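> Need the 3D shape of this:
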Amino acid sequence: MHSLILSAHPSPSSFTHAIAQAYREGKESRGNTALVIDLYDPRWKQEFLCFETHEELSEREKTLTPLQEEVKKADEIVFVFPVWWYDVPAILKNFIDCNLTSGFAFKFMPKGYLRGLLKPRTVRYFATAMGPGFLYKIRFLPFAPAFRKSVKDCGLKTTSKTIFGFMGTSDQAKREGWLNEVRKSATG
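Residues are numbered from 1 along each chain as shown. I've put the predicted structure just below:
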(Lines give C-alpha, C1' and ligand atoms only; values in the text may rest on other atoms or scores of the structure.)
Protein backbone atom coordinates (compact mmCIF):
# COMPACT_ATOMS: atom_id res chain seq x y z
CA MET A 1 0.00 0.00 0.00
CA HIS A 2 1.25 3.49 -0.86
CA SER A 3 0.16 6.56 1.11
CA LEU A 4 0.37 10.14 -0.12
CA ILE A 5 0.52 12.42 2.92
CA LEU A 6 -0.24 16.09 2.25
CA SER A 7 0.87 18.45 4.99
CA ALA A 8 -0.54 21.99 4.94
CA HIS A 9 1.26 24.18 7.48
CA PRO A 10 3.72 26.99 6.64
CA SER A 11 6.13 26.13 9.48
CA PRO A 12 8.30 23.04 8.88
CA SER A 13 8.69 22.69 12.67
CA SER A 14 4.92 22.58 13.27
CA PHE A 15 3.08 19.75 14.98
CA THR A 16 1.19 19.31 11.69
CA HIS A 17 4.44 18.23 10.02
CA ALA A 18 5.28 16.00 13.00
CA ILE A 19 1.94 14.22 12.50
CA ALA A 20 2.71 13.70 8.80
CA GLN A 21 6.12 12.21 9.61
CA ALA A 22 4.69 9.98 12.36
CA TYR A 23 2.07 8.61 9.96
CA ARG A 24 4.78 7.94 7.36
CA GLU A 25 6.87 6.13 10.00
CA GLY A 26 3.88 4.00 10.99
CA LYS A 27 3.19 3.02 7.39
CA GLU A 28 6.80 2.24 6.61
CA SER A 29 7.16 0.15 9.79
CA ARG A 30 4.63 -2.25 8.24
CA GLY A 31 6.49 -2.51 4.93
CA ASN A 32 4.29 0.01 3.12
CA THR A 33 5.50 3.05 1.24
CA ALA A 34 4.60 6.65 1.98
CA LEU A 35 5.46 10.07 0.59
CA VAL A 36 5.06 13.24 2.64
CA ILE A 37 4.50 16.38 0.58
CA ASP A 38 4.66 19.76 2.26
CA LEU A 39 2.33 21.92 0.17
CA TYR A 40 4.38 24.98 1.16
CA ASP A 41 7.66 23.47 -0.05
CA PRO A 42 8.79 25.35 -3.19
CA ARG A 43 9.27 22.02 -4.99
CA TRP A 44 5.53 21.31 -4.71
CA LYS A 45 3.99 24.73 -4.21
CA GLN A 46 1.41 25.66 -6.84
CA GLU A 47 0.25 29.11 -7.83
CA PHE A 48 -3.38 29.74 -7.05
CA LEU A 49 -5.67 28.71 -9.87
CA CYS A 50 -6.03 31.50 -12.42
CA PHE A 51 -7.50 31.47 -15.93
CA GLU A 52 -9.35 33.82 -18.28
CA THR A 53 -11.61 31.51 -20.28
CA HIS A 54 -13.20 28.09 -19.91
CA GLU A 55 -11.16 26.96 -22.92
CA GLU A 56 -7.95 27.99 -21.14
CA LEU A 57 -9.01 25.96 -18.09
CA SER A 58 -9.92 22.95 -20.25
CA GLU A 59 -6.53 23.12 -21.98
CA ARG A 60 -4.76 23.34 -18.62
CA GLU A 61 -6.62 20.26 -17.36
CA LYS A 62 -5.20 18.12 -20.20
CA THR A 63 -1.72 18.06 -18.65
CA LEU A 64 -1.17 16.21 -15.40
CA THR A 65 0.48 18.16 -12.61
CA PRO A 66 3.29 16.57 -10.57
CA LEU A 67 0.86 16.33 -7.64
CA GLN A 68 -1.70 14.53 -9.81
CA GLU A 69 1.02 12.03 -10.74
CA GLU A 70 1.53 11.39 -7.02
CA VAL A 71 -2.23 11.01 -6.44
CA LYS A 72 -2.31 8.37 -9.21
CA LYS A 73 0.36 6.33 -7.39
CA ALA A 74 -1.45 6.46 -4.03
CA ASP A 75 -3.82 3.94 -2.50
CA GLU A 76 -4.54 6.35 0.33
CA ILE A 77 -4.41 10.14 0.63
CA VAL A 78 -3.81 11.61 4.07
CA PHE A 79 -4.59 15.29 4.69
CA VAL A 80 -2.80 16.85 7.68
CA PHE A 81 -3.62 20.47 8.48
CA PRO A 82 -4.42 23.06 11.14
CA VAL A 83 -7.98 24.31 11.49
CA TRP A 84 -8.00 28.00 10.63
CA TRP A 85 -11.27 29.92 10.85
CA TYR A 86 -13.19 26.61 11.10
CA ASP A 87 -11.83 25.44 7.75
CA VAL A 88 -8.82 24.01 5.98
CA PRO A 89 -5.96 26.36 5.04
CA ALA A 90 -6.28 28.07 1.65
CA ILE A 91 -3.27 26.17 0.31
CA LEU A 92 -5.17 22.90 0.81
CA LYS A 93 -8.22 24.28 -0.97
CA ASN A 94 -5.87 25.33 -3.78
CA PHE A 95 -4.61 21.72 -3.95
CA ILE A 96 -8.21 20.69 -4.67
CA ASP A 97 -8.71 23.45 -7.27
CA CYS A 98 -5.49 22.69 -9.16
CA ASN A 99 -5.36 18.90 -8.92
CA LEU A 100 -8.77 17.31 -8.40
CA THR A 101 -9.86 18.42 -11.84
CA SER A 102 -12.43 17.39 -14.41
CA GLY A 103 -11.22 14.40 -16.40
CA PHE A 104 -8.70 13.44 -13.73
CA ALA A 105 -10.62 13.24 -10.46
CA PHE A 106 -14.21 13.38 -11.66
CA LYS A 107 -16.37 13.39 -14.76
CA PHE A 108 -19.47 15.45 -15.40
CA MET A 109 -22.48 13.24 -16.05
CA PRO A 110 -25.86 14.11 -17.58
CA LYS A 111 -27.97 16.50 -15.50
CA GLY A 112 -24.87 17.90 -13.76
CA TYR A 113 -24.05 14.89 -11.59
CA LEU A 114 -20.43 13.98 -10.95
CA ARG A 115 -18.81 10.56 -11.18
CA GLY A 116 -15.68 10.17 -9.08
CA LEU A 117 -12.68 8.80 -10.93
CA LEU A 118 -10.30 8.27 -7.99
CA LYS A 119 -11.90 5.09 -6.60
CA PRO A 120 -10.84 2.92 -4.81
CA ARG A 121 -8.47 5.32 -2.99
CA THR A 122 -9.28 6.23 0.58
CA VAL A 123 -8.78 9.39 2.63
CA ARG A 124 -7.76 10.12 6.23
CA TYR A 125 -7.78 13.49 7.95
CA PHE A 126 -5.62 14.69 10.84
CA ALA A 127 -6.32 18.23 12.03
CA THR A 128 -4.93 20.38 14.81
CA ALA A 129 -6.89 23.09 16.61
CA MET A 130 -6.37 25.63 19.35
CA GLY A 131 -9.76 24.92 20.92
CA PRO A 132 -11.03 21.73 22.54
CA GLY A 133 -11.04 18.75 20.20
CA PHE A 134 -14.50 17.59 21.33
CA LEU A 135 -15.98 20.97 20.39
CA TYR A 136 -14.65 20.62 16.87
CA LYS A 137 -16.08 17.13 16.67
CA ILE A 138 -19.51 18.54 17.53
CA ARG A 139 -19.39 21.81 15.61
CA PHE A 140 -16.57 21.34 13.12
CA LEU A 141 -16.99 17.72 12.13
CA PRO A 142 -17.96 17.08 9.60
CA PHE A 143 -15.44 19.84 9.01
CA ALA A 144 -15.18 22.04 5.98
CA PRO A 145 -18.30 20.76 4.21
CA ALA A 146 -17.25 22.03 0.76
CA PHE A 147 -13.79 20.48 1.13
CA ARG A 148 -15.20 17.13 2.26
CA LYS A 149 -17.84 17.14 -0.50
CA SER A 150 -15.18 17.87 -3.12
CA VAL A 151 -13.11 14.93 -1.94
CA LYS A 152 -16.15 12.64 -1.84
CA ASP A 153 -17.27 13.70 -5.33
CA CYS A 154 -13.92 12.50 -6.64
CA GLY A 155 -14.75 8.98 -5.44
CA LEU A 156 -12.52 9.07 -2.35
CA LYS A 157 -13.88 7.29 0.71
CA THR A 158 -13.04 8.74 4.13
CA THR A 159 -11.80 6.12 6.59
CA SER A 160 -10.97 8.33 9.60
CA LYS A 161 -10.98 11.88 10.96
CA THR A 162 -8.87 12.86 13.95
CA ILE A 163 -8.68 16.29 15.61
CA PHE A 164 -6.04 17.15 18.19
CA GLY A 165 -7.30 20.09 20.26
CA PHE A 166 -5.78 22.49 22.79
CA MET A 167 -2.60 22.79 20.73
CA GLY A 168 -1.66 26.02 22.49
CA THR A 169 -1.58 24.40 25.93
CA SER A 170 -0.54 20.81 25.16
CA ASP A 171 2.83 19.79 26.58
CA GLN A 172 5.52 17.66 24.97
CA ALA A 173 4.38 14.47 26.74
CA LYS A 174 0.81 14.93 25.45
CA ARG A 175 2.06 15.55 21.92
CA GLU A 176 4.30 12.48 22.02
CA GLY A 177 1.26 10.43 23.05
CA TRP A 178 -0.69 11.82 20.10
CA LEU A 179 2.16 11.00 17.71
CA ASN A 180 2.15 7.42 19.02
CA GLU A 181 -1.60 7.28 18.29
CA VAL A 182 -0.91 8.49 14.75
CA ARG A 183 1.78 5.83 14.23
CA LYS A 184 -0.60 3.12 15.50
CA SER A 185 -3.42 4.31 13.25
CA ALA A 186 -1.08 3.95 10.27
CA THR A 187 -0.46 0.31 11.04
CA GLY A 188 -4.11 -0.68 11.36
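> Against Gly31, how distant is the spatially closest residue to Ser11 that is not a sequence neighbour?
Ranked by CB to CB, 6 or more residues apart in numbering and with sequence neighbours excluded, the top spatial neighbour of Ser11 is His17, at 7.5 Å. From N, CA and C alone the C-beta is placed, and that goes for glycine too. Computed as CB to CB, to the nearest Å, the His17 to Gly31 distance reads 24 Å.
> who's more crowded, these two?
More crowded of His17 and Gly31, by other CB atoms under 10 Å: His17, with 19 against 7.
> Number of residues surrounding Glu4?
Quick fix: residue 4 reads Leu, not Glu. If we define neighbours as other CB under 10 Å, then Leu4 has 21 of them.
> Repeat that for Gly26.
Each residue near Gly26 was counted by other CB under 10 Å, and the total is 22.
> my guess is it contacts Leu179, does it?
No. Using CB atoms under 8 Å, Gly26 is not in contact with Leu179; the gap is 9.5 Å.
> so which helix or strand takes in the spatially most central residue of the chain?
The residue lying closest to the centre of the chain (CA atoms, centre = their mean) is Phe79, at 2.3 Å. Element membership for Phe79, per DSSP states H and E: strand 76-82.
> what packs against that strand?
Applying 3 or more CB pairs under 8 Å, 6 or more residues apart in numbering; DSSP states H and E, one finds that strand 76-82 contacts strand 2-7, helix 15-29, strand 122-128.
> Can you lay out these as a markdown table showing distance to Phe147 and mean pLDDT?
Listed next are those as a markdown table, based on distance: least, CB to CB, whole Å; pLDDT from 0 to 100:
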| stretch | distance to Phe147 | mean pLDDT |
| --- | --- | --- |
| strand 2-7 | 12 | 98 |
| helix 15-29 | 16 | 97 |
| strand 122-128 | 9 | 94 |
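> Show me the one of these that comes nearest Lys45.
For those, the distance to Lys45 is smallest for strand 2-7, at 12.3 Å, taking CB to CB.
> That closest one pairs with which strands?
Strand 2-7 sits in its sheet next to strand 33-38 (parallel), strand 76-82 (parallel), going by DSSP bridges.
> Can you tell me which of these is packed in deepest?
strand 76-82 (a mean of 24; mean count of other CB atoms under 10 Å).
> Show residues contacting it.
By CB atoms under 8 Å, 6 or more residues apart in numbering, the list of residues contacting strand 76-82 from outside reads 1-9, 14, 16-17, 19-20, 23, 71, 88-89, 92, 121-129, 156, 159, 167.
> Can you say which of those are buried?
For those, a burial check counting by 16 or more other CB atoms under 10 Å picks out 3-9, 14, 16-17, 19-20, 23, 71, 88-89, 92, 121-129, 156, 167.
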